[in-house]
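**Student:** generate a structure from the sequence data that follows.
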Amino acid sequence: MNLDPGIVCYQHCEGRLFGFSLPPTCHLCGADLSVEPLITPPFRVPYPFVRASQAPCTIVIKPSRGDFLHDYRSSNDLHIGVTDSEGCVFEYDSEGLHSDYTSSWKQSLSVPIITDSANHLDPVWQEYWNFSLHTLAQNPSWSTERYSETSFNCYSFVLEFLKTLGPPGVNVKTLTKTSLCAELLVPHTAAAARYISLYRRLLSHKVVSVTKSS
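**Tutor:** Numbering: from 1, shown residues only. Okay, here's the model as predicted:
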């Protein structure tokens, strides 16, 4: 099932307009869009979320409860995991470390850690990614008994994975939960937040305009 709501952006006169489809008239000036030329032709706003199974060898994020578009608020907790080369999610929670809930990661953010100019992972790094992840998963530290919602949780697992992996461009020696969020996750969550806000406004207003003065 495709979860992309299909937000469309276009411009006829002074501002950009967003909606779930191209309406018959301009929301700002009332012009007939079937005959009037558009300054910006309609294009689909990129959907920031993916199925984790389609994002191999990345860090993946989703709300601890519910989904991003309908349930998430900035004060809510986020759950984080790591996918292997097959898109299988390894996650650590109150059930311990497991990789059997990949299908529940339908609407997640994918954070690439190592990519080339074509946005692909080098085969050598892919093999080492799998080796690091599967080796770490065998460590008995990731037990149900040791899990703590505040001090030894999903972020602890991802931090340890990154320290084991040692990806280029990431200072793993000083990496903490705070720096992980600030340096690697926030650029992705900030873009997603803008999309979520736009989507929720469209549910109420059908058309959202963004002008230079707004």
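**Student:** can you list the weak-confidence ranges in the chain?
**Tutor:** Along the chain, the model assigns pLDDT under 70 to residues 1-2, 116-119, 212-214.
**Student:** show me where it has helices.
**Tutor:** Here the chain has its helices, by DSSP state H, at 123-137, 154-165, 177-180, 186-205.
**Student:** okay if I get the ones you listed as TSV plus distance to C26 and mean neighbour count?
**Tutor:** Every C-beta, even on glycine, is put in place using the N, C-alpha and C of the backbone. Formatted as TSV, the helices of the chain follow (distance: least, Cβ to Cβ, whole Å; neighbours: other Cβ atoms under 10 Å):
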stretch	distance to C26	mean neighbour count
helix 123-137	48	16
helix 154-165	47	19
helix 177-180	45	14
helix 186-205	15	14
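**Student:** out of those helices, which comes closest to L78?
**Tutor:** Checking the helices of the chain against L78 by Cβ to Cβ gives helix 186-205 as the closest, at 7.6 Å.
**Student:** tell me which other helices or strands that closest one touches.
**Tutor:** Contacts defined by 3 or more Cβ pairs under 8 Å, 6 or more residues apart in numbering; DSSP states H and E place helix 186-205 against strand 16-19, strand 109-111, strand 207-210.
**Student:** now what about that helix, what contacts it?
**Tutor:** Around helix 186-205, the neighbours that count as contacts under Cβ atoms under 8 Å, 6 or more residues apart in numbering are 5, 7, 18-20, 45, 47-49, 61, 68-69, 72, 74, 78, 109-111, 208.
**Student:** how does it look with 10 Å?
**Tutor:** With contact meaning Cβ atoms under 10 Å, 6 or more residues apart in numbering, helix 186-205 is reached by 5, 7-9, 18-20, 27, 45-49, 59, 61, 67-70, 72-74, 78, 108-112, 180-181, 207-208, 210.
**Student:** can I have the buried ones of those residues as a PyMOL selection?
**Tutor:** Of those, the buried ones go into a single PyMOL selection, burial set by 16 or more other Cβ atoms under 10 Å:
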select buried, resi 7+8+9+18+19+27+45+47+48+49+59+61+68+69+72+78+108+109+110+111+180+208
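**Student:** from what I can see G166 touches S132, true?
**Tutor:** Yes: the criterion here is Cβ atoms under 10 Å, and G166 meets it with S132 at 8.5 Å.
**Student:** common neighbours of those two, please.
**Tutor:** Shared contacts of G166 and S132, defined by Cβ under 10 Å, 6+ apart, are absent.
**Student:** and the residue nearest to the spatial centre of the chain, what does it touch?
**Tutor:** Nearest to the mean C-alpha position of the chain, by Cα atoms, centre = their mean, lies L109 at 1.5 Å. Contacts for L109 (Cβ under 10 Å, 6+ apart) come out as 48-50, 52, 55, 58-62, 68, 78, 80, 185, 188-189, 191-192.
**Student:** cool, thanks, talk later.
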